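S.K.: Sequence first, then the predicted structure, then my questions.
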Protein chains: 2
Amino acid sequence: MDASTSHPATVHLEDLALGMSRSRAKEITERDIELFGEVSTDRNPVHFDEAYARGTVFKGRIAHGMMSAALISAVLGEELPGPGTIYLGQSLRFRAPVRIGDTLTAIVTVTGIDLEKGRVTLDTTCKVGDTEVVRGEATVMPPRRGS
Amino acid sequence: MDASTSHPATVHLEDLALGMSRSRAKEITERDIELFGEVSTDRNPVHFDEAYARGTVFKGRIAHGMMSAALISAVLGEELPGPGTIYLGQSLRFRAPVRIGDTLTAIVTVTGIDLEKGRVTLDTTCKVGDTEVVRGEATVMPPRRGS
């Protein structure tokens, strides 16, 4: 089943298959940095102060790392498996910075299905162009059919 | 060294010690849910639709799981180790829901220091009252003294 071009609601546990994938892209804006700063309380100057950030290893302002995680969780919660999914765990490796104006793409791909326990693992990758900026694994409990 | 009541800037690699800890508390508001929905693009009804959410295992609306991760990252980035820290990785287990009106507390505690590689691990826990809602581990690269 290749449903990567459609936009269904929930994919139930019994309908998931290894390799099934969904993605979502979003441009990171100045407003995103402001809003994430407010929600997280994280006003670290590497996100807000260009003069400071130029003096760091990043050579300029970067987005909050958890913004990538937030986009991953959006794909899990809205697309694959979608609404009704219970989020159990997530690992994240931050591999490269994301900057204002970058288009961030989160891709989730089913890598494991345990029908008995009702648990599913997914590879979770965020990219900016061809650069992998975040890589990790999600563990979720999708709803069963008719649940 | 118990510095949990002070509010210093960066704690450099050489000044970190096992067991050193910092925390930050934040009340989760309706506005936080709205802002996080915008930044993440995650408009899942379990966060926004009380009637829908009552029919789920959560019996009511819950905050986005990554809001807890965002508060953890704020403590790492602003308090321990603080500004200049490079975030390498994070693991998260979502153990209990967070609701609007809850006071969420993120606590980070140094659990490992590799002076040679410049890498530090921290236990990262989020609580609501006495309930552990998120548990995981962060890996960071704190700035060295004079860097």
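M.R.: Received, thanks. Numbering: from 1, shown residues only, chains lettered A, B, ... in the order given.
S.K.: helices and strands around the helix ranked longest in chain A, which ones?
M.R.: Looking across chain A with DSSP state H, the single longest helix is helix A:66-78. Using 3 or more C-beta pairs under 8 Å, 6 or more residues apart in numbering or on different chains; DSSP states H and E as the contact test, the elements touching helix A:66-78 are strand A:21-27, helix A:30-40, strand A:86-94, strand A:103-114, strand A:119-128, strand A:131-141, helix B:30-40, helix B:66-78. All C-beta spots, glycine's among them, are computed from the backbone N, C-alpha and C.
S.K.: Which among the ones you listed is found nearest to B:Thr10?
M.R.: helix B:66-78 (9.4 Å; C-beta to C-beta).
S.K.: What residues sit buried inside the closest one?
M.R.: For helix B:66-78, a neighbour-count test (16 or more other C-beta atoms under 10 Å in any protein chain shown) marks B:66-78 as buried.
S.K.: and A:Thr121, bridged to which residues?
M.R.: Each beta-bridge partner of A:Thr121 is listed here: A:Gly112, A:Thr139, as defined by DSSP bridges.
S.K.: residues near it, how many?
M.R.: Around A:Thr121 sit 17 other residues, with neighbours defined as other C-beta atoms under 10 Å in any protein chain shown.
S.K.: Quick check, pLDDT for it.
M.R.: On the pLDDT scale, A:Thr121 is placed at 98.
S.K.: And for A:Ser147?
M.R.: Looking at A:Ser147, its pLDDT is 71.
S.K.: and what of A:Gly136?
M.R.: Residue-level confidence at A:Gly136 comes out at 98, pLDDT.
S.K.: Which residues of chain A lie near chain B?
M.R.: Residues of chain A that fall close to chain B, judged by C-beta under 8 Å from any C-beta of the partner chain: A:24, A:26, A:32, A:35-36, A:38-46, A:56-57, A:64-67, A:69-71, A:73-74, A:77-78, A:83-84, A:86-94.
S.K.: Tell me who's in contact with the residue lying closest to A:Ala106 once chain neighbours are set aside.
M.R.: If you skip the residues right next to it in sequence, A:Ala106 has A:Leu71 as its closest partner in space, 4.1 Å away by C-beta to C-beta, 6 or more residues apart in numbering or on different chains. Each residue near A:Leu71 by C-beta atoms under 8 Å, 6 or more residues apart in numbering or on different chains is listed here: A:Arg24, A:Lys26, A:Leu104, A:Ala106, A:Cys126, B:Ser40, B:Thr41.
S.K.: likewise A:Val108?
M.R.: Applying C-beta under 8 Å, 6+ apart, we find A:Val108 in contact with A:21-23, A:72, A:75-76, A:79-80, A:122-125, A:138.
S.K.: Please spell out which residues along stretch A:135-142 are buried.
M.R.: The neighbour-count criterion (16+ other C-beta under 10 Å) identifies A:Arg135, A:Gly136, A:Glu137, A:Ala138, A:Thr139, A:Val140, A:Met141, A:Pro142 as the buried residues of stretch A:135-142.
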